[in-house]
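*Asks:* next comes the sequence, and after it the predicted model I'd like to discuss.
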Amino acid sequence: MAATVTDPELPVLTLEDLGVLREVEVVDDGGVVVTITPTYSGCPAMAAMRDDLVRVLRAAGHDRVEVRTALHPAWSSDWISEAGRAKLRRHGISPPGARGPAAAGPVPLTLLPRQRAVACPRCEAVPAELVSEFGPTACTALYRCGACLEPFEHLKEI
Amino acid sequence: MNPETHETHQTDPHESVYDGLLGGDDAHWAFGTDFEDPLAGVDTTLPAGADAHALARYCLMLGDDALVASHRLSEWCSNAPDLEDDIALANIALDLLGQARLLLARAAAADPEVVPALPEDSPVPPEDALAFFRDDLAFRNVRLVEIQNGDFGQTIARLLVLSTHRLALLERLRESTDPVLAAIAAKGVAEVTYHRDYAGRWFLTLAQGTEQSRTRVVAGLEVVLPHYDELFATHPVEATGAQQGWGVDPAALRAEVDVVLDQVLATSGVERPQAKQVGRVAGGAGRDGRHTEALSKLLAQMQSVARAHPRGQW
């Protein structure tokens, strides 16, 4: 049941697709403990996700639902499932590229626009032009397709 | 639910990624009637040997830096030079606000004594009590974050210095012996990397742009840099944190911050201005609660609604 709850801002994705849903555990006395992780520190959708999980699980007959937050290991866009990426692409949002494990030590400075191999989710043409590194939500960047000229959102690698 | 069920309405040419927000479930619109603990379910046990009061005050320092900087950036909402930058600055403010919430909640969990007393029946959660019911003298942010935004050039200059410093700090704090601080830092590194790149690119663009844009970003840097040394002055709480392994001594960040800043300045063709540093006030600085007048005005605006309705439910 918990896996059917969708993201409050991107309703095509379930919390499971997004990699936000860490663990669902039925404890001995019949209660359910759900563990989720925030995508961004300031993600305003966390409270909505929590509410939705409690509501869906209560509706499914679980009276005692506890939603826990796990901060470690930190969520990364690499956790978005293949199914989730396919859904994003189908709905006109370019999924994030692989980020890989976080490197230790100082983070290198990037003074040139970030180079990503971003393909237009509509016509699949490359290259796309970065319009803004910050989109309407903290997790997206804005691009414009070089071929069909349509603007689209790209989920940032983080 | 089977993922395939989402595909049943694929043929509708007018479908949008946000269709799921409409119809069906009204609960989406009723959200936000309750407070939510950002550390709900997180194990907030202190690491062995940690001084709880010092750790709480350390969290206030880093949390207040983020909170005040976030408020200043959000003042740009609907005022930025263009829509993309309006949104970018709001995005950065939101990231910092998220870090502030986690850090203030961590402070309250480590030592409830740092939280200002409110009436018994007040519904205000500890992190909000810390944000909205402390006076300026109880704020522990560095003075760099509280000074006025100035123009866009000055805002970019401040964000460059602030995010360079904060990134170097969070990189090291990932190794904190406090698992909560380490997790907050690990998340923050990914976010502040974007902030620093944004500020660095704009600094370069403005410095290499027109005579006017260059003059203004350099003038902004001259306003910001007098607060530079304060970033690296070690407060006794920070010394305790570094010694006990859960904090970072800011003096250790200086070399890395200098290198990054010089790299941006060299690429931009700007010589680092000689800036006379602001002094300490009555032997203290921002980390001791000694602030500029700008903070009082900022807090008056930020806190007035919460203080007028201490029993308010939002």
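*Replies:* Done, it's in. This one's a predicted model, so the numbers in the text were calculated from it and none came from an experiment. Numbering: from 1, shown residues only, chains lettered A, B, ... in the order given.

*Asks:* ok, and the closest non-adjacent residue to the residue lying farthest from the centre of chain A?
*Replies:* In terms of distance from the mean C-alpha position of chain A, residue A:29 ranks first, at 32.3 Å (CA atoms, centre = their mean). Closest residue to residue A:29 apart from its sequence neighbours, by CB to CB, 6 or more residues apart in numbering or on different chains: residue A:64 at 7.5 Å. (Each C-beta comes from the backbone N, C-alpha and C, glycine too.)

*Asks:* mind checking how far the one you found is from residue A:58?
*Replies:* 9 Å (CB to CB, to the nearest Å).

*Asks:* what does residue B:271 give?
*Replies:* Applying CB to CB, the value for residue B:271 to residue A:58 is 63 Å.

*Asks:* higher neighbour count, those two?
*Replies:* Neighbours per residue, other CB atoms under 10 Å in any protein chain shown: of residue B:271 and residue A:58, the larger number sits with residue A:58, 13 against 9.

*Asks:* in terms of helices and strands, where is the residue in the stretch 151-300 of chain B positioned nearest to chain A?
*Replies:* Closest residue of the stretch 151-300 of chain B to chain A, CB to the nearest CB: residue B:183 (3.5 Å). Here residue B:183 sits within helix B:179-207, counting by DSSP states H and E.

*Asks:* quick one: buried residues of that helix?
*Replies:* The neighbour-count check on helix B:179-207 (16 or more other CB atoms under 10 Å in any protein chain shown) flags B:179-204, B:206-207 as buried.

*Asks:* try stretch B:170-179
*Replies:* For stretch B:170-179, a neighbour-count test (16+ other CB under 10 Å) marks B:170, B:171, B:172, B:173, B:174, B:176, B:177, B:178, B:179 as buried.

*Asks:* and it, end to end?
*Replies:* End-to-end distance for stretch B:170-179: 13 Å, by CA to CA, to the nearest Å.

*Asks:* and the contacts of it?
*Replies:* If you take CB atoms under 8 Å, 6 or more residues apart in numbering or on different chains as the criterion, stretch B:170-179 is touched by A:72, A:105-107, B:43, B:46-47, B:50, B:55, B:181-182, B:184-186, B:188-189, B:192, B:244-248, B:252-253.

*Asks:* then stretch B:181-192?
*Replies:* Residues outside stretch B:181-192 that contact it (CB under 8 Å, 6+ apart) are A:38, A:40-41, A:71-76, A:102, A:107, A:158, B:55, B:59, B:95, B:98-99, B:102-103, B:106, B:163, B:166-167, B:170-171, B:173-176, B:246-247.

*Asks:* let's see that with 7 Å instead.
*Replies:* Stretch B:181-192 is contacted from outside by A:40-41, A:71-72, A:74, A:107, A:158, B:95, B:99, B:102-103, B:106, B:163, B:166-167, B:170-171, B:173-176, B:246, using CB atoms under 7 Å, 6 or more residues apart in numbering or on different chains.

*Asks:* now swap in stretch B:223-235 and tell me
*Replies:* Residues outside stretch B:223-235 that contact it (CB under 7 Å, 6+ apart): B:142-144, B:147, B:150, B:154, B:157-158, B:161, B:165, B:249-251, B:253-254, B:273, B:275-278, B:285-287.

*Asks:* what does the stretch 101-250 of chain B have sitting close to chain A?
*Replies:* Those residues of the stretch 101-250 of chain B that sit near chain A, judged by CB under 7 Å from any CB of the partner chain, are B:102, B:167, B:171, B:179-180, B:183-184, B:186-191, B:193-194, B:196-198, B:200-201, B:204.

*Asks:* wouldn't residue B:94 be in contact with residue A:45 here?
*Replies:* No - the pair residue B:94 / residue A:45 is not scored as a contact, 11.4 Å apart, by CB atoms under 7 Å.

*Asks:* the residue at minimal distance from the centre of chain A and residue B:94: what is the separation?
*Replies:* Geometric centre of chain A, nearest residue: residue A:18, 4.3 Å, by CA atoms, centre = their mean. Between residue A:18 and residue B:94 the distance, using CB to CB, works out to 18 Å.

*Asks:* then residue A:1?
*Replies:* Going from residue A:1 to residue B:94 by CB to CB gives 30 Å.

*Asks:* can you pick out the residue with more neighbours from the two?
*Replies:* Using other CB under 10 Å, the more surrounded residue of residue A:1 and residue B:94 is residue B:94, with 22 against 15.

*Asks:* hang on, residue B:97 packs against residue B:70?
*Replies:* Yes - counting by CB under 7 Å, residue B:97 does reach residue B:70; the two are 4.3 Å apart.

*Asks:* show me where chain A has its strands.
*Replies:* Ranges of strands within chain A are A:21-26, A:32-36, A:65-69, A:93-94, A:128-132, A:140-145, A:151-155, based on DSSP state E.

*Asks:* I appreciate the help and will end here.
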